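Q: Coordinates only, no sequence provided:
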């Protein structure tokens, strides 16, 4: 699916993650900031990538600022930002959940 | 080689620095020979000087050991004033041996290391940019971390031989009689600095408040002091301690605090004349509040409260619920003021507080202590020194010392953000599991299997589920996932002593 607009989801509160999704043309490129990058960086990036793939998003720029979010939060914020970027937020993609 | 708590120690450094491996928490009954300081005899009429620089030129030479106290915490002006002059005079190769290092000192310490002024450090801890700098290999020689009690022991043994102590005080007379209770920048107890005043070869007081002679009460005495330097300001009163102590509203912290209280109240130690230490921090302050109510309800009074003191503790003293406060440092203004007005709040030095090589220290008489943890592992070993990224960001403080108590409670959330507090193996072992009895989290408690008596006592407490510590560790891991192991180089950047002076763990340079 093609990204129609740059979108943001999430906050900078602790235990949350703020994700900005915009158009890209070289696969899914993630720029991750996180205090726990050393220990959980790979895991955070893989949750974001896998969730985007469920929306058939293969090319995107992702800017993620993590404040120690758990996987379930990362997944929820990724779903929200994907639907906003795809302009499908009025039709929640329940099957992705 | 590995020590008795299974930590790999650097053989070459251990040998070079003549260190022994940590073996046991049992101190035994050794015979100890203490050292005594040099005395430069004077009648005392020439001590007051206006220039720090003159005093530094007269006293500090290359290769010496200098010390400071950290009672001003982040309101300290003395450390930076003195170090600026020492650096600018081009003095080299000093050992810095303060009671601890606070954030306001970080930049100056880093500059002094880079310029070769400081080449060795021993401290209770370090945080922020300095911890980061050292963890990334910024200092050639390993930092030696010592608990407050162990620093007292090391000074008395001569392991730390202080050539010049620079001690900031909110008041002093012309001969050096001083205390921490009167003046602008008051901090209450001088507990840690009293060791330096007693054992340093040269004692330099810095004060912004010269009092008429003789100045009493004198915590530091004229018999110990070489120079009294008049400065503009020794500290910023607003940054010395937190102002009015506020109780936490965080439901997680309150849950932990009420569970800690349940554990104390249902332990065999909660009876008339018991003693306790709570420390600072949100949960610890809340514990004091719950404990107060439990003491009133059960008509129980404590014989003493110990350690770092806060206003909620001195309130208990005022109410008559605690007979004595044995005070080595004060964390807030209320506690500092109370020491001035209440004769039952006794100032104690670090040796009296916690030195293991003693004819009895206060911690040896302590019933209950509540301590914190950055990490605790399935062997009940506690890390209060390195963060989840392996970088130094803490302090031993009185942790190892107070864990000597009959009931040592570690209060900590199961996870902090995405970081598990209960882990399979702590990054740095500071306080060995043998001295820890109960872990309290917001989900429930775990009791050290060594303590069968406590397992029986806490088996059926309503609202306090008992888990094994392995179960709590798995619960944490299920929430946050399995972290990738931290990467370190082979280089040792710090050694952590146990309170008896043996080495309990080594801290390595982080790989970035």
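A: Noted; the coordinates are in hand. Just so we're clear, the structure is a prediction, and the values are computed from it rather than from any experiment.
Q: do you know how far the residue of chain B found nearest chain A is from residue B:353?
A: Residue of chain B nearest chain A, by C-beta to the nearest C-beta: residue B:417 (2.7 Å). Every residue, glycine included, has its C-beta placed from N, CA and C. Distance of residue B:417 to residue B:353, computed by C-beta to C-beta, to the nearest Å: 34 Å.
Q: Looking at those two, which is more packed in?
A: residue B:353 (28 against 18; other C-beta atoms under 10 Å in any protein chain shown).
Q: hang on, residue B:249 in a strand?
A: No. Secondary structure of residue B:249 (DSSP: H, G, I helix; E, B strand; the rest coil): coil, not part of a strand.
Q: pLDDT score for the residue nearest the centre of chain B?
A: Centre of chain B computed as the mean C-alpha position; nearest residue by C-alpha atoms, centre = their mean is residue B:397, 1.9 Å away. Looking at residue B:397, its pLDDT reads 95.
Q: Surely it and residue B:147 touch.
A: Yes. Counting by C-beta atoms under 8 Å, residue B:397 touches residue B:147, with 6.8 Å between them.
Q: which ones are touching residue B:211?
A: Contact analysis of residue B:211 by C-beta atoms under 8 Å, 6 or more residues apart in numbering or on different chains lists B:171-173, B:177, B:182.
Q: Between residue B:397 and residue B:147, which contacts overlap?
A: Common neighbours of residue B:397 and residue B:147 (C-beta under 8 Å, 6+ apart) are residue B:124.
Q: Show me which residues of chain A sit near chain B.
A: Taking C-beta under 8 Å from any C-beta of the partner chain, the part of chain A that reaches chain B is made up of A:14-15, A:35-36, A:38-43, A:67-71.
Q: coming back round to it: what are the phi and psi angles of the residue nearest to the centre of chain B?
A: phi 50, psi -140 (degrees, to the nearest 10).
Q: residues contacting it?
A: When contacts are counted by C-beta under 8 Å, 6+ apart, residue B:397 touches B:100, B:124-125, B:147-148, B:308, B:384.
Q: burial measure for residue B:490, as a count.
A: 7.
Q: Please tell me the pLDDT value assigned to it.
A: pLDDT recorded at residue B:490 is 96.
Q: What of the one 3 residues further on?
A: Per-residue confidence at residue B:493 stands at 98 (pLDDT).
Q: That one should be in a strand, yeah?
A: Yes. Assignment of residue B:493 by three-state DSSP places it within a strand.
Q: Quick one: residues contacting it.
A: Residues near residue B:493 by C-beta under 8 Å, 6+ apart: B:134-135, B:137, B:139, B:142-143, B:392, B:507-509.
Q: would you list the residues you listed in a markdown table and tack on pLDDT, distance to chain A and secondary structure?
A: Output for those, formatted as a markdown table (pLDDT from 0 to 100; distance: C-beta to the nearest C-beta, whole Å; DSSP: H, G, I helix; E, B strand; the rest coil):
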| residue | pLDDT | distance to chain A | secondary structure |
| --- | --- | --- | --- |
| B:134 | 98 | 18 | helix |
| B:135 | 98 | 12 | helix |
| B:137 | 97 | 17 | coil |
| B:139 | 98 | 22 | coil |
| B:142 | 98 | 23 | coil |
| B:143 | 98 | 22 | strand |
| B:392 | 98 | 15 | strand |
| B:507 | 98 | 16 | strand |
| B:508 | 98 | 14 | strand |
| B:509 | 98 | 14 | strand |
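Q: Show me which pair in those is furthest apart.
A: The most widely separated members of the contacts of residue B:493 are B:139 and B:508, with 13.4 Å between them, by C-beta to C-beta.
Q: before we move on, the earlier item: thought residue A:68 was touching the residue of chain B closest to chain A, still the case?
A: Yes. Between residue B:417 and residue A:68 there is a contact at 2.7 Å, judged by C-beta under 8 Å.
Q: Over to residue 34: give its phi and psi.
A: Since you didn't name a chain, this refers to chain A. The phi and psi values for residue A:34, taken as degrees, to the nearest 10, are phi -160, psi 140.
Q: Tell me who's in contact with the closest residue to it other than its chain neighbours.
A: Nearest non-adjacent residue to residue A:34, counting by C-beta to C-beta, 6 or more residues apart in numbering or on different chains: residue A:66, 3.7 Å away. Residue A:66 is in contact with A:17, A:32-37, A:44, A:74, counting by C-beta under 8 Å, 6+ apart.
Q: Okay, and the beta partners of residue A:66?
A: Judged by DSSP bridges, the bridge partners of residue A:66 are residue A:17, residue A:34.
Q: got it, and residue A:62?
A: Beta-bridge pairing of residue A:62, defined through DSSP bridges, involves residue A:21, residue A:30.
Q: Surely it and residue A:48 touch.
A: Yes. In this structure, residue A:62 is within contact of residue A:48 by C-beta under 8 Å, at 6.0 Å.
Q: Compare those two and say which is more crowded by neighbours.
A: Using other C-beta under 10 Å as the criterion, residue A:62 and residue A:48 rank with residue A:48 on top: 26 against 21.
Q: what about the more buried one, which SS state?
A: Using three-state DSSP, the structure places residue A:48 in helix.
Q: Could you measure from it over to residue A:54?
A: According to C-beta to C-beta, residue A:48 and residue A:54 sit 11 Å apart.
Q: For the closest residue to residue A:74 other than its chain neighbours, grab the count of nearby residues.
A: Excluding its sequence neighbours, the residue lying closest to residue A:74 (C-beta to C-beta, 6+ apart) is residue A:47, at 4.7 Å. Using other C-beta under 10 Å, residue A:47 has 22 other residues around it.
Q: how about residue A:47, what does it touch?
A: By C-beta under 8 Å, 6+ apart, residue A:47 lies in contact with A:71, A:74-75, A:78.
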